[in-house]
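> test case, fold it:
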Amino acid sequence: MYVDDEMNNLISFKAVFRIKYNILTAISGEEAIKILKNNMVNIIITDQRMPQMTGVEFLESILDEFPDPIRILLTGYADMNAVIDAVNKGKIFHYLTKPWNEEELDMTITRAFDVYRQKIEEREMTNKLSLSNEQLEFLLRQKLLS
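Modelled structure (predicted):
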C-alpha cells in the first residue's frame, strides 16, 4: 500500500509498479486505515508530510492493530526529526527521500517483502513448536497417569 496526499504521486507509483505488485493506494492516513481493515497488506509505504496525520503518526496509530506490515517512509524533506520519530515510533524498515528512484524503491520493496515473509515464517514455526510442546506435555501426563 502506498499512502500519499498528492494524487499525482499515487498515480505515478501505481503506473510504475502495477505490473510487478498488487498495489493499494490511499490519499490519507484515515483512508489507509479503512483499506487495512479490509485487505491483507504486506508492505506500507507512506509519505511523511500529509495534512491531518503525518506518515509517522499514521504508522504509529496502526502498530497495535496491524503489526505485521513492513513500513517504509518517503519524504521530500530532509527532516531528521521525522526520520528519528519514524524509527522509534513508527517502527519503519527503511527511509527514502522523494522524489524516489524507481530502482532503489523497487529493491527496498523486495527486501521488505523478504523480511515480511521471514517474520511470518518465524511466527508459524513458533506456533508449531508451541503446539509440539503442548502435545509432548499431554503425552507425558498421560504416561504418568497410567
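
> isn't residue 69 up against residue 39?
No - using Cβ atoms under 8 Å, residue 69 is not in contact with residue 39, being 10.5 Å away. From N, CA and C alone the C-beta is placed, and that goes for glycine too.

> which residues do these two both contact?
With contacts taken as Cβ atoms under 8 Å, 6 or more residues apart in numbering, residue 69 and residue 39 have residue 1 as neighbours in common.

> so between those two, which is more surrounded?
In terms of neighbours (other Cβ atoms under 10 Å), residue 69 is the more surrounded of residue 69 and residue 39; the figures are 22 against 10.

> check contacts around that one.
Remark: with contacts taken as Cβ under 8 Å, 6+ apart, residue 69 is in contact with 1, 36, 41-44, 116.

> strands - which of these land there?
Among those, the ones falling in strands (DSSP state E) are 43-44.

> export the contacts of residue 69 to TSV and tack on distance to residue 105, pLDDT and neighbour count?
Conversion of the contacts of residue 69 to TSV gives the following (distance: Cβ to Cβ, whole Å; pLDDT from 0 to 100; neighbours: other Cβ atoms under 10 Å):
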residue	distance to residue 105	pLDDT	neighbour count
1	14	97	18
36	21	97	18
41	17	97	18
42	15	96	18
43	11	97	20
44	13	97	27
116	16	95	17
